[in-house]
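Trainee: Quick one, what's the 3D model for this:
(2 chains)
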Amino acid sequence: MTPATVHDSTVYTVPLVAVADETLFFVRNLEFFYGDFHALTNVSLDIHPKAITALIGPSGCGKSTFLRCLDRMNDLIAGTKVEGSVLFSGSDIYGPGVDPVDLRRRVGMIFQQPNPFPQSIYDNVAYGPRLQGIRKKSELDEIVEDSLKRANLWKEVKDILSKNGLAISGGQQQRLCIARVLAVEPDVLLMDEPCSAIDPTSVQKVEDLMAEIKEEVTTIIVTHNMQQAARVSDYTSFFLQEVAGEPAVLVESGKTNDLFTNPQDKRTEDYITGRFG
Amino acid sequence: MRDMFSEDRERLKELGPGAMDKTARNEAKRARLLKERLANNTALAVLWVAAGITVAALILIILYVVINGAPMISPKFIFTWPHGVSAKGGIWPTIISTLYVTGLAMLIATPVAVLAAVYLAEYAKQGRIVTVIRFAADSLASVPSIVMGLFGLAFFVEAFHLPMSMLSAALALSLLMLPIIMRATEEAIRAVPRYIRWGSYGLGATQWQTVSRVVLPWAMPRIITGLVLAMGRAIGETAVVFYTMGMAINMPLTPLESGRSMAVHLYLLAVDGINLKAAYGTALMLMLMIFLLNMFARYIQRRYRKVR
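Mentor: Numbering: from 1, shown residues only, chains lettered A, B, ... in the order given. Next comes the predicted model:
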């Protein structure tokens, strides 16, 4: 059992090369700004491939912001700025010549609010493959079925594929969105509180599928629910904004089991024992 | 004089000290409640009257037109030509001219307005220029239609040597419709939730793919509402078409032919008292067309809302 590592304000001096095969995302000294507001400071974190990493912390601690840094979704918000390094499979995603469109094809994202498009269930799942130029019906059929199966939704919708994606329940919509992302065969799945707006049965199915796809897809999940983090994840990182208006920091990260049973930082311990947040 | 409060005083004594205060307080409270209820009822009455006036005005106008126009409506009135100096007969060519010019104006205005709105809402850097464009559109929408007609005449007919025709009128009308459609589309696009766009970007879509495949379909019901509003405006428009299309009764085939719209027909029949009955009949037909359009817009909205 390796002890959880503690992140303090030490500036890392590790050279910016992919350190090992162990690391999928290699984040060093990340600073993030919304206009004048400094939201995150000095975040350094390694994300391990073929594992589930949970990002926990109280509301407003920047964990969703951090997640969106990993697929450059923050680019879509006006006035944001990123400093530091984010290496994905060894290359800097904020480097010159990197097209965020290409990045996002490899790093899929699921949001808190299920967001199916106003189209049929089939067209929702086929959306990504069609963007990549796949037109053949048989090929699309196969991708749609396979993706819906992996998202634990196939049994429920196999007879209503032409129904509007907005006409099914919230939990089904969320799994539809997961199927839609899986259809583009991403290497990474970013989930921003995917279970906070859906029914318990669907929560169970989402947690199951995360475990089932673990061998192919690396998952990073932001969650408010510590039980969920403890249940599903292999690694956990704890974010905290200690003073309102000040940037949030990554307090501690490590193997989930270590972090929950033997937190190295007092603040982590206080949070996971429910003393605040 | 009989002591009419003796009983009360007895009761007060029984109730003990402090009871008087309590009773007085209750009285004051009741009076205040009464006053408040009165104010409330007065306000309600005033609101009722205001709402009543609005509805009554609408009902009066509709009733007036229906009562005067309904006897005229018949297949013969709709499907035959007017004839003679007093325009007896039907209004068929004016219906066709109206639909023709409105349809043509829609064809011209819609793509320009929708694309301009997409640019404003999705692509343009939000700032001074966008504010200026938006202000220009709003100003364009408030130009009096008679001025727009005059401009159409001066610009399309005089300067560009187009004949007084469907095309000239459609071009002038499209100027009128442009800001309505553009603002409606822009609002509709802005109302598309951020996470819907993100869903598309998250799958590796480009901006254009996101706009054309997700944002516009999502915004469609509200865009259609804008289109219908603009169409209603164009169908009822008199001054613009009068100046640019003329008033010859004609069944238009090519866009370069002139014609007389229903609104112009109505105006000409009524202004000299040529045939008031036919004028009312035309008015009723015009109202029916706009009513049907609005129903159609509501139907579209409801059909889309069902799945939202």
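
Trainee: C-alpha from now on. contacts and neighbour counts both.
Mentor: OK.

Trainee: Now do the SS call for A:L176.
Mentor: Reducing the assignment at A:L176 to three states with DSSP: H, G, I helix; E, B strand; the rest coil gives helix.

Trainee: which parts of chain A sit against chain B?
Mentor: Taking Cα under 8 Å from any Cα of the partner chain as the test, the list of chain A residues beside chain B reads A:71, A:73, A:100-105, A:107-111, A:113, A:115-118, A:128, A:131, A:164, A:166-167, A:181, A:184.

Trainee: Which ones among those residues lie within helices?
Mentor: Among the residues of chain A next to chain B, the ones falling in helices (DSSP state H) are A:P100, A:V101, A:D102, A:L103, A:R104, A:R105, A:G128, A:L131, A:V181.

Trainee: which among the residues you listed gets closest to B:F155?
Mentor: If you rank those by distance to B:F155 using Cα to Cα, A:L131 comes first, at 44.8 Å.

Trainee: end to end, how far does stretch A:58-75 reach?
Mentor: 24 Å (Cα to Cα, to the nearest Å).

Trainee: got a list of contacts for it?
Mentor: Where contact means Cα atoms under 8 Å, 6 or more residues apart in numbering or on different chains, the residues beyond stretch A:58-75 that reach it are A:39-40, A:55-57, A:80, A:82, A:86, A:100, A:103-104, A:107-108, A:190, A:192, A:220, A:222, A:224, A:239-241, A:248-249, A:277, B:198, B:201-202.

Trainee: now the residues you listed: which count as buried?
Mentor: With burial judged by 16 or more other Cα atoms under 10 Å in any protein chain shown, the buried subset of these is A:39-40, A:55-57, A:80, A:82, A:86, A:100, A:103-104, A:107-108, A:190, A:192, A:220, A:222, A:224, A:239-241, A:248-249, B:198, B:201-202.

Trainee: Report the contact partners of the residue in the stretch 101-250 of chain B that chain A sits nearest to.
Mentor: Residue nearest to chain A within the stretch 101-250 of chain B: B:G204 (4.5 Å; Cα to the nearest Cα). By Cα under 8 Å, 6+ apart, B:G204 lies in contact with A:P100, A:V101, A:D102, A:L103, A:R104, A:R105, A:G128, A:L131.

Trainee: How about B:A109?
Mentor: Each residue near B:A109 by Cα under 8 Å, 6+ apart is listed here: B:S174, B:L175, B:M177, B:L178, B:I181.

Trainee: which secondary structure element contains it?
Mentor: Secondary structure assignment for B:A109, by DSSP states H and E: helix B:92-118.

Trainee: Please see if whichever helix or strand comes after that helix touches chain A.
Mentor: Toward the C-terminus, helix B:92-118 is succeeded by helix B:128-141 as the next helix or strand (DSSP H and E). No: if you take Cα under 8 Å from any Cα as the test, helix B:128-141 misses chain A, and the best it gets is 15.8 Å.

Trainee: Give me the buried positions along helix B:128-141.
Mentor: Going through helix B:128-141 with 16+ other Cα under 10 Å, the ones that come out buried are B:R134, B:A137, B:L140, B:A141.

Trainee: can you map out the helices along the stretch 101-250 of chain A?
Mentor: When assigned using DSSP state H, counting those that start in this stretch, the helices of the stretch 101-250 of chain A occupy the ranges A:121-131, A:137-150, A:154-157, A:170-182, A:200-212, A:226-232.

Trainee: Among those, show me which one is buried the most.
Mentor: The highest average neighbour count among the helices of the stretch 101-250 of chain A, using mean count of other Cα atoms under 10 Å in any protein chain shown, belongs to helix A:170-182 at a mean of 27.

Trainee: Tabulate the CA atom coordinates of it in PDB.
Mentor: What follows is helix A:170-182, C-alpha atoms only, in PDB (Å, rounded to 0.1, in the frame of the first residue of the first chain):
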ATOM      1  CA  GLY A 170     -33.600  11.600 -17.000                       C
ATOM      2  CA  GLY A 171     -31.600   8.600 -16.000                       C
ATOM      3  CA  GLN A 172     -32.000   7.000 -19.400                       C
ATOM      4  CA  GLN A 173     -31.000  10.300 -21.000                       C
ATOM      5  CA  GLN A 174     -27.800  10.400 -19.000                       C
ATOM      6  CA  ARG A 175     -26.900   6.900 -20.100                       C
ATOM      7  CA  LEU A 176     -27.800   7.900 -23.700                       C
ATOM      8  CA  CYS A 177     -25.300  10.700 -23.400                       C
ATOM      9  CA  ILE A 178     -22.700   8.200 -22.100                       C
ATOM     10  CA  ALA A 179     -23.500   5.900 -25.100                       C
ATOM     11  CA  ARG A 180     -23.100   9.000 -27.400                       C
ATOM     12  CA  VAL A 181     -19.700   9.600 -26.000                       C
ATOM     13  CA  LEU A 182     -18.600   6.000 -26.100                       C
END
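
Trainee: what sits up against that helix?
Mentor: The contact list for helix A:170-182, computed with Cα under 8 Å, 6+ apart, reads A:108-110, A:113-116, A:121, A:124-128, A:144, A:147-148, A:150-153, A:165-166, A:189, A:194, A:197-199, A:201-203, A:206, B:203.

Trainee: possible to save the helices of the stretch 101-250 of chain A as TSV with mean pLDDT?
Mentor: Below are those laid out as TSV (pLDDT from 0 to 100):
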stretch	mean pLDDT
helix A:121-131	95
helix A:137-150	95
helix A:154-157	94
helix A:170-182	95
helix A:200-212	92
helix A:226-232	91
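
Trainee: between those helices, which gets nearest to B:W218?
Mentor: When the helices of the stretch 101-250 of chain A are compared for distance to B:W218 using Cα to Cα, the nearest one is helix A:121-131, at 13.2 Å.

Trainee: Now do stretch B:109-120: distance to the chain's middle.
Mentor: The gap between where stretch B:109-120 is centred and where its chain is centred comes out at 20 Å by Cα atoms, centre = their mean, to the nearest Å.

Trainee: Sort out which residues of that stretch are buried, please.
Mentor: Taking 16+ other Cα under 10 Å as the neighbour-count basis, stretch B:109-120 is seen to contain the buried residues B:A109, B:T110, B:A113, B:V114, B:A116, B:A117, B:V118, B:L120.

Trainee: Report the contact partners of residue 244.
Mentor: Just going to use chain A. Taking Cα under 8 Å, 6+ apart as the definition of contact, A:A244 has no neighbours.

Trainee: look at chain B instead
Mentor: Neighbour list for B:T244: B:G149, B:G152, B:L153, B:V157, B:M164, B:S165, B:S168, B:A169, B:A172 [criterion: Cα under 8 Å, 6+ apart].

Trainee: All good on my end, thank you.
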